[in-house]
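Undergrad: what would the 3D arrangement of this be:
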Amino acid sequence: MITIVADTTSCIPVQEARALGIQYLPQIIIIGDDTYRDDTEIDSKTFMEKLKTSPVLPKTAAPPPALYTPIFNEYAKPGNTIIVVCPSLDLSGTFRSAEVAALDFPEADIRVIDTRTVASGLGSIVKKANEWVHQGLSPDQIVYNIKEMSLRWRVYFVVATLEYLYKGGRIGAAKALFGSILQVKPILTVTNGKIEVVENQRTQRRAITRFQELVNRDCPHDLESHLTMMHAAAENEALSLASEFSKTMQISEVPITEVPPAIVVHAGPGVLAASYFVKK
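TA: Residues are numbered from 1 along each chain as shown. Now for the predicted structure:
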């Protein structure tokens, strides 16, 4: 038996993850002295409301090792394999938490994987891993496929402000200051698990237009690209871009995902992103 373990940074709705049989863990949202699990205690809409009124910038914490323990207790039986599919180590402490929890099960076959991805790209990998389990692939083959698919992930995104990425430690002070002084709107990506600036535009409109051009140019024009749009408090813009991508790429449907609170904390309201996979 092979069990897939993931968390909410994969942008898979909680009910969908449960229906698929994926063992699903929350990120922890910290607002002042209050903490919330983002799978059962706070959703994106509620978080946005709290964000508007909070005098302090919320923080996040990875699921603590103790949350993995009941899952490992249940599924770490002789002959079984647990595969924990994690977001990038440079963007989340989830990988470390899972590795610490696995230390208490030295005899178990627990494989913790840093995919170097996050958000709906991570979600696509998690769901494919779950499919491979049902197709009867071996643990070694599934781990190989996860790593291979991870290398083909691409993402572009634009943010309304660099403030959240800077305060959350996801970009350096120099980049944040540069963007603030010149009032530029960067197009960003994730390269080897780290956030990088692709290029800068002078206005938000130009940034979104260029963002659209980059995705149209680089994303394979078929369903195997697993193209998805993501947003936080920017549903209309996401709907419009998804519709345009669907037409230009002749893809029947481009799913739209509202990013969870743990990602909004760092990207901020107004983020727009496109995630996809290039061909082998």
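
Undergrad: domain parsing for the protein?
TA: 2-27+62-151, 153-277 (automatic domain parsing).

Undergrad: and of those domains, who's closest to Val56?
TA: Val56 lies closest to domain 153-277 among those, at 10.3 Å (Cβ to Cβ). Every residue, glycine included, has its C-beta placed from N, CA and C.

Undergrad: any low-confidence regions in this protein?
TA: Along the chain, segments meeting pLDDT under 70 span 164, 167-183.

Undergrad: which residue is nearest the centroid of it?
TA: Computing the C-alpha centroid of the chain and ranking residues by Cα atoms, centre = their mean puts Ala119 first, at 1.5 Å.

Undergrad: and it, how far is that from Cys11?
TA: Distance, Ala119 to Cys11, by Cβ to Cβ, to the nearest Å: 5 Å.

Undergrad: just the helices in the chain please.
TA: Under the criterion DSSP state H, the chain carries helices at the ranges 14-20, 44-53, 65-75, 94-102, 119-134, 139-151, 163-167, 173-182, 204-218, 235-249, 261-267.

Undergrad: please tabulate the ones you listed in JSON lines, including the columns distance to Lys280.
TA: JSON lines is the format used below for those (distance: least, Cβ to Cβ, whole Å):
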{"stretch": "helix 14-20", "distance to Lys280": "25"}
{"stretch": "helix 44-53", "distance to Lys280": "34"}
{"stretch": "helix 65-75", "distance to Lys280": "31"}
{"stretch": "helix 94-102", "distance to Lys280": "25"}
{"stretch": "helix 119-134", "distance to Lys280": "14"}
{"stretch": "helix 139-151", "distance to Lys280": "8"}
{"stretch": "helix 163-167", "distance to Lys280": "31"}
{"stretch": "helix 173-182", "distance to Lys280": "33"}
{"stretch": "helix 204-218", "distance to Lys280": "15"}
{"stretch": "helix 235-249", "distance to Lys280": "19"}
{"stretch": "helix 261-267", "distance to Lys280": "28"}
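
Undergrad: pick the most buried one from those.
TA: helix 261-267 (a mean of 26; mean count of other Cβ atoms under 10 Å).

Undergrad: run the chain-centre distance for that one.
TA: Computed by Cα atoms, centre = their mean, to the nearest Å, the chain-centroid distance of helix 261-267 equals 10 Å.

Undergrad: and the contacts of that helix?
TA: 8-9, 11, 27, 29, 36, 38, 42-44, 47-48, 51, 57-60, 91-92, 118-119, 157, 159, 164-165, 168, 170, 232, 259, 271, 273 (Cβ atoms under 8 Å, 6 or more residues apart in numbering).
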